[in-house]
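Visitor: Need the 3D shape of this:
(chains A and B)
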Amino acid sequence: GAGVSQTPSNKVTEKGKYVELRCDPISGHTALYWYRQSLGQGPEFLIYFQGTGAADDSGLPNDRFFAVRPEGSVSTLKIQRTERGDSAVYLCASSAPGTVYNEQFFGPGTRLTVL
Amino acid sequence: GDSVTQMEGPVTLSEEAFLTINCTYTATGYPSLFWYVQYPGEGLQLLLKATKADDKGSNKGFEATYRKETTSFHLEKGSVQVSDSAVYFCALRDDKIIFGKGTRLHILP
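Guide: Purely as a prediction, here's the structure:
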């Protein structure tokens, strides 16, 4: 079946611009996670949705970052006034209903480059 | 806070060699432990996991044992293949998943 998909696969933008990154989770998965992976590092947690609500947004680095999941399926990560330090691969993962410890399935990521 | 430390790469081995990638963790609770793998051009995949002390996770010939006394979860494989070339991430999950920095593995034919 279809896995987690993310679009675009690559995004190049200029400093100060606004970007949106999209995640389509596996159908039926109620939990959705965003991570950021900088070069040479492991993924770092950003935010976790259970259904439509953000259950934990403690990993968002500052108020330029925001994420929504209005219908409990697709999620959009929004970054305002991008900075060069935002350049990274943004990963999305989803997991099935049940315990919070269910396996997370990862998408291929969106590589964001801020010039 | 919780953290994961794994050996730095890259690690280069010949085919059929024995592999060990060291991983140690720091956690206040009793986390589950994971190894994820990222093959070239693909997304992160769960390789194996262990949820409590002395559990052994295994998959595709890889093994790791949850050692509470040494706070370790070393990844091992007895005979690596070229197709095992990838980046391997050790991770723990108490509340959220915390990943190590990753170890790049190159297997030479």
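
Visitor: and whichever residue of chain B sits closest to chain A, how many neighbours does it have?
Guide: Going by C-beta to the nearest C-beta, chain A is nearest to residue B:99 of chain B, at 3.1 Å. Every residue, glycine included, has its C-beta placed from N, CA and C. Neighbourhood size, residue B:99 [other C-beta atoms under 10 Å in any protein chain shown]: 23.

Visitor: In contact with the residue nearest to it when sequence neighbours are not counted, which residues are there?
Guide: With sequence-adjacent residues excluded and distances taken as C-beta to C-beta, 6 or more residues apart in numbering or on different chains, residue B:99 is closest to residue A:42, at 3.1 Å. Residue A:42 makes contact with B:4, B:89, B:91, B:99-102 under the criterion C-beta atoms under 8 Å, 6 or more residues apart in numbering or on different chains.

Visitor: So among these, which ones count as buried?
Guide: Taking 16 or more other C-beta atoms under 10 Å in any protein chain shown as the criterion, what is buried in those is B:4, B:89, B:91, B:99-102.

Visitor: Out of the residues you listed, name the ones that lie in helices.
Guide: Nothing among the buried ones among the contacts of residue A:42 maps onto helices, per DSSP state H.

Visitor: pLDDT wise, what is the residue in chain A that chain B sits nearest to at?
Guide: Closest approach between chain A and chain B, counting by C-beta to the nearest C-beta: residue A:42, at 3.1 Å. Residue A:42 is assigned 93 on the pLDDT scale.

Visitor: Okay, strands next: where are they in chain A?
Guide: Here chain A has its strands, by DSSP state E, at A:5-7, A:10-13, A:19-24, A:31-37, A:44-50, A:53-56, A:65-68, A:75-79, A:88-95, A:105-106, A:110-114.

Visitor: Am I right that residue B:31 is in contact with residue B:96?
Guide: No: using C-beta atoms under 8 Å as the test, residue B:31 is too far from residue B:96 to be in contact (10.4 Å).

Visitor: So if I had to pick from these two, which one is more boxed in?
Guide: residue B:31 (23 against 18).

Visitor: and the residue nearest to residue A:50 when sequence neighbours are not counted, what does it touch?
Guide: Residue nearest to residue A:50 in three dimensions, not counting chain neighbours: residue A:31, with 5.6 Å by C-beta to C-beta, 6+ apart. For residue A:31, the contact set (C-beta under 8 Å, 6+ apart) comprises A:48-50, A:94-97, A:100, A:102, A:104.

Visitor: And residue A:47, by the same measure?
Guide: Going by C-beta under 8 Å, 6+ apart, residue A:47 touches A:33-34, A:54, A:56-57, A:59-60, A:67, A:77.

Visitor: Which two of those have the greatest separation?
Guide: Greatest spatial distance in these: A:56 and A:77, 14.7 Å, computed using C-beta to C-beta.
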